[in-house]
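Asks: Output the structure for:
(chains A and B)
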Amino acid sequence: MNIVIIGNGIAGITAARYLRKLSEHSITVISGESEYFYSRPALMYVYMGHLKFEHIQPYENWFWKKNRINLIHDYALTVKHNEKKVLLQSGNVVGYDKLILATGSLSNKFGWNGQDLAGVQGLYSKQDLDLMEKNTVGIARGVVVGGGLIGIEVAEMLHSRNIPVTMLVRESSYWNNILPAEESAMINRHIRHQGIDLRLETELKEILPDEHGRSRSVITSKGDEISAQFVALTAGVHPNIDLAQRSEIPSNKGIIVNTHFETQVSDIYAIGDCAEITDTESGLTQIEQLWYTGEMHGEVLASVICGEKTEYNRGILFNSAKFFDIEYHSYGSVNLKTPGEKSLYWEHPDRRRSIRIVYNNQQVIGFNNLGVRYRHKICEQWIAEKKPVEYVLEHLSDANFDPEFFERFEPNIISLYNSKNNKPLILKNNRRRFGYKKFLSSVPSSL
Amino acid sequence: MNFIQIDIPQTSHSIDNSPVKKSGLALFSIGLLMVIVGAFGVFEHNTLFYSIATLGISTLGGILFILPSRKEGFPGIKNNGVFFRSASNRGAVAWITGVFLTGFYVVLYWFPEYLVHLIKITDPISFTITGKAANHWFLYGTLYTLSILVMGLKMIFKYLHSRYQIIRTLSVMFFQLVFAFLIPHILEAFNQPEYYFSYFWPLKTGVLFPNDIHWLLSKPGLLPQFMVFWGVVMSIIGVPILTYFFGKRWYCSFVCGCGGLAETVGDPYRQNSDKSLKAWKIERWMIHSVLVFITVTTGLLWANSYYQGEILGSLSQNFSRTYGFLIGAAFSGVVGVGFYPILGSRVWCRFGCPQAAILGLFQKYFSRFRITTNGSQCISCGNCSTYCEMGIDVRSYAQRGENIVRASCVGCGICSSVCPRGVLNLENGPVKNRVH
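Replies: Numbering: from 1, shown residues only, chains lettered A, B, ... in the order given. A predicted model of the protein is given here:
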């Protein structure tokens, strides 16, 4: 069988890798964006000089040939699904038996005045990165529009090159539709401590040009004008359905698929950011735009194509990110929006680390940590097994994933719970790190 | 609408312009200049002045240069611009540094007569500790130790957020200063053999060489006998046991002087190690060949000693001399340190060190140590692989959620430190199911 994948992001490449693991089918991956697969979330590190572009390519170049994954560096123009052919920009035509669309996302633009000026861009693709490199040469200030993960990444990128940054965030606190209030406040503080001009409850109104047609400044919803030779539009992304629309593959916000990632056209599938998954039973639809979900989609689809009727089920939610110097890990449900949900929140005196355990009816449902690493598998297992919160607290040491010698905060959490609820819980398995505990406490965590 | 340009705080966390940093650099340059001036014998009769003007001034300069980095933003990973800078990205500065270091080793090993004046910069220290004038090895030892101490400070400031890194760095600084510098020279002052308690066979071949053992045993007193006992017991029993419990890192990243230099002076160059599969193949051939070479040499020496030189004649001595030249000098010094800026900081440890080979075999087949991965949170960014000084493609394991058990891993923990998603952790645990 001849399988063609359009898009070499994490979803498309994971599908290709698992198809190769499971089968001897012919596999072709088409991408106009880059010759080889690279890690999209790592683009920022190339700009910051932590890595070179070659470093963010997870496989050496021989990998593809060795695994008989045929790569075509070209844009797909249209899919002729009645002829089972893909037309490419170069004029070449590729035939397929099964076609996988993994075309990813596009940056949101909300029709702002000046959104197409030079110096104004989103950050999603390799081309965006190259453009940003050019757009930020010699600028006096950059303005980042949007308070999500890409927004804070762009702010960090500019900051790494000592370019002053203003962040415009529509919400009253950074990413507070996902982060609980305290964590969100911590990130606000951290952003500001970096010297970044964070403006909450402020939206972009328009971008003004200079005499060369380049961004000169932005006007905010509060009426302020901020000088900006570079404007990053990072108010989210939307599924890239251009190819699907040109090819008459039914789409809504994203390309419509069922839980087997089948589109409404036979032998065509869609995965990753571009897919809008509809649960046929509940009728609920969702678009998942995470690295991790893209990976899961690819793996599930490979087994679907290889004959197993696997149903996609995202399982217990998890996500992670890094906000400047603060790591973020989240497992399960933590947004505290369902009535009855309670949480135990502990914050380190340095106000840059926190642990939150969320529970409902005394059963643990989520963990939200900043600056403290917890084990994914153990947290997930506790959530899946609906462990009582007191059991979790007593065994919390098992979840810690911080490096050796790091200060452990589980005793603080359990005593916080005990004092709030008048309980005598004792931490189990708290590995006494033999004699050097005293020595450790004499080593300050920041000299 | 308010169209006034409002006053916005300027972001500037750059410490590059710090006056302390600049004066440190100036002092360091003055120190270097004095070295050159003195190399012609100008300060022949005032070694204390020569010493302070060179070692003192450049050490102070180095510390001043490093000090401001303490306050660079919040504790966290500071790899901004690593691949933009000439010094850390194999640019002109890196090549100049590499040629300079390589040249220094060539002169040190094969033309020490050109160092006669330079040696004097360590005379005051040598007289204080041993009561004798310095020789070129004393000069080398002093520079080596000072480099580890000063660059160790830099390492600590760079990884202020990680106690693992701080403790590990303090450990290599301590072992270099005390066990690889002070104790051997103090022993010398007391007319005892100059012995390094922190080196074992086969890194320090003499520990198990018959001639060295016979020589030590011929000395009066208990101490030389203890030295023989310590060397033999540690090489044969101590190393495997400690490696079983903690992995190779207890030695390579906490004790060893070569490791100490790589982790401090070499840290700015760690990203230049080759991560390709090809490099891994070459590495395995080379390092195990060296191990075989030294084991055969040691065996031959003992056979020769047993038969009192009748059977093998001078062959075993030739073997030993060849090893000393090829591995001890050319590889560990000239290539191992001289090529830091080009090939990364652990070239010797990775491709040549027979001690690392043995520790690695134990680590791979008989140890509780592993690097664990945290669920499926890897984003394949490549920070771990790039900053692995041993050239391990850490990401290839992390993205599959597989634990990492590799012979070459020295347990420096940098992969865990630089991971932006907190995926990696160095752990000791039950041997069963170590990989998955």
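Asks: contacting residues around residue A:113?
Replies: A:205-207 (CB atoms under 8 Å, 6 or more residues apart in numbering or on different chains). For every residue, glycine as well, the C-beta is placed using N, CA and C.
Asks: Identify the single longest helix in chain A, thanks.
Replies: Assignment by DSSP state H gives helix A:291-305 as the longest helix of chain A.
Asks: List the contacts of that helix.
Replies: Where contact means CB under 8 Å, 6+ apart, the residues beyond helix A:291-305 that reach it are A:3, A:9-19, A:21-23, A:25, A:40-41, A:98, A:100, A:102, A:260-262, A:269, A:271-273, A:275, A:288, A:310-312, A:314, A:318-319, B:376-377, B:379.
Asks: residues contacting the residue in chain A positioned nearest to chain B?
Replies: Chain B sits closest to residue A:376 of chain A, with a gap of 2.6 Å, by CB to the nearest CB. The contact partners of residue A:376, taken as CB under 8 Å, 6+ apart, are A:318, A:329, A:331, B:374-377.
Asks: Of those residues, which one scores lowest on pLDDT?
Replies: Ranked by pLDDT, the contacts of residue A:376 bottom out at residue B:375, which has 84.
Asks: The residue lying closest to residue A:141 once chain neighbours are set aside: how many residues sit nearby?
Replies: Setting aside the residues directly before and after it, residue A:141 is nearest to residue A:164 in space (CB to CB, 6 or more residues apart in numbering or on different chains), at 4.7 Å. Neighbours of residue A:164 under the rule other CB atoms under 10 Å in any protein chain shown: 21.
Asks: Could you list the contact residues of the stretch 301-447 of chain A toward chain B?
Replies: A:318, A:320-322, A:324-325, A:327, A:329, A:352, A:373, A:375-377, A:380, A:401-407, A:440, A:443, A:445-447 (CB under 8 Å from any CB of the partner chain).
Asks: same thing with the stretch 101-250 of chain A?
Replies: Counting by CB under 8 Å from any CB, the residues of the stretch 101-250 of chain A that sit close to chain B are A:141, A:159-166, A:190, A:193-197, A:219, A:223-227.
Asks: which of those count as buried?
Replies: A:141, A:159-161, A:163-166, A:190, A:194-197, A:219, A:224-227 (16 or more other CB atoms under 10 Å in any protein chain shown).
Asks: And the residue in the stretch 1-150 of chain B positioned nearest to chain A, what's its pLDDT?
Replies: Among the residues of the stretch 1-150 of chain B, residue B:76 lies closest to chain A, at 3.2 Å counting by CB to the nearest CB. Note on residue B:76: pLDDT of 90.
Asks: wait, isn't it in contact with residue B:159?
Replies: No. When contacts are counted by CB atoms under 8 Å, residue B:76 is not listed as touching residue B:159 (9.2 Å).
Asks: Between these two, tell me which one has more neighbours.
Replies: For residue B:76 versus residue B:159, neighbours defined as other CB under 10 Å are more numerous around residue B:159 (23 against 20).
Asks: Setting aside sequence neighbours, what's the nearest residue to that one?
Replies: residue B:165 (3.5 Å).
Asks: Could you pull up phi and psi at the one you found?
Replies: phi -70, psi -40 (degrees, to the nearest 10).
Asks: neighbours of it, just the number please.
Replies: Counted by other CB under 10 Å, the residues lying close to residue B:165 total 24.
Asks: my read: it touches residue B:418, true?
Replies: No. Using CB under 8 Å as the test, residue B:165 is too far from residue B:418 to be in contact (10.7 Å).
Asks: Find me whatever residue is spatially closest to the residue nearest to the spatial centre of chain A, sequence neighbours aside.
Replies: By CA atoms, centre = their mean, the mean C-alpha position of chain A lies nearest to residue A:290, the distance being 4.3 Å. Distances taken as CB to CB, 6+ apart put residue A:319 closest to residue A:290, at 6.4 Å, once the chain neighbours are dropped.
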